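Structure here, sequence nowhere to be found:
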């Protein structure tokens, strides 16, 4: 996917002091930093209260546990957030602001692998394996970051239930291939 952003995205970044933290799922952090600089933003190396925006990568997103567990989230940063001088957003929210991903619209919410893993109760690595093997399919992809719809949440939960019941990933894949042969008109049996 092209990383060029429109004028709206350029306005979002122009003159902003941006910090990129965590591992990014969509592209290497250095490429994101280059994109920010190309559109008039200043990339800071470490989080501090002088930043305008801190963007948290979603490769292994742990924000569900709370920002206060992040080592970089100190009292000065908390104060800047409370005062409205600093904003902390996720990688997906960042791409939405730049116009590269549509904002969530009601039932059409999209889920990153980290979000899907949390909803299914499995590690992110398991979700990535399911994606690589074609057991779950993204409805869209921004750079390297896949986005899944609610149907895939349901499929992921069913896969997680099979794992919890003691089936190995290989056995699950074998059974699904067998179902595919028995039900040729059904492309994805777990999604039904």
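Everything's here; your move. Everything numeric here is computed off the predicted structure, so don't read it as measured data.

Nearest spatial neighbour of the residue nearest the centre of the chain, chain-adjacent residues omitted?
With distances taken as Cα atoms, centre = their mean, residue 112 lies nearest the centre of the chain, 3.7 Å away. Closest residue in space to residue 112, ignoring its immediate chain neighbours: residue 58 at 5.0 Å, by Cβ to Cβ, 6 or more residues apart in numbering. The C-beta positions use only the backbone N, C-alpha and C, and glycine is treated the same way.

same question, residue 162
Going by Cβ to Cβ, 6+ apart, residue 162 has residue 172 as its nearest residue, at 5.2 Å.

part of a helix, is the one you found?
Yes. According to DSSP: H, G, I helix; E, B strand; the rest coil, residue 172 belongs to a helix.

count of neighbours near it?
19 (other Cβ atoms under 10 Å).

what's the distance between it and residue 165?
In this structure, residue 172 and residue 165 are 10 Å apart, going by Cβ to Cβ, to the nearest Å.

how does the protein divide up, domain by domain?
7-97, 106-191 (automatic domain parsing).

Would you state the helices of this structure in chain order?
Secondary structure of the chain (DSSP state H): helices at 7-13, 29-38, 75-83, 91-97, 113-120, 124-132, 150-164, 169-182.

Could you export those as a markdown table, including mean pLDDT?
As requested, the helices of the chain are exported to a markdown table (pLDDT from 0 to 100):
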| stretch | mean pLDDT |
| --- | --- |
| helix 7-13 | 75 |
| helix 29-38 | 92 |
| helix 75-83 | 89 |
| helix 91-97 | 85 |
| helix 113-120 | 90 |
| helix 124-132 | 91 |
| helix 150-164 | 89 |
| helix 169-182 | 78 |
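
Save those as JSON lines, and put in distance to residue 139 too.
Below are the helices of the chain laid out as JSON lines (distance: least, Cβ to Cβ, whole Å):
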{"stretch": "helix 7-13", "distance to residue 139": "22"}
{"stretch": "helix 29-38", "distance to residue 139": "23"}
{"stretch": "helix 75-83", "distance to residue 139": "32"}
{"stretch": "helix 91-97", "distance to residue 139": "14"}
{"stretch": "helix 113-120", "distance to residue 139": "12"}
{"stretch": "helix 124-132", "distance to residue 139": "12"}
{"stretch": "helix 150-164", "distance to residue 139": "8"}
{"stretch": "helix 169-182", "distance to residue 139": "20"}
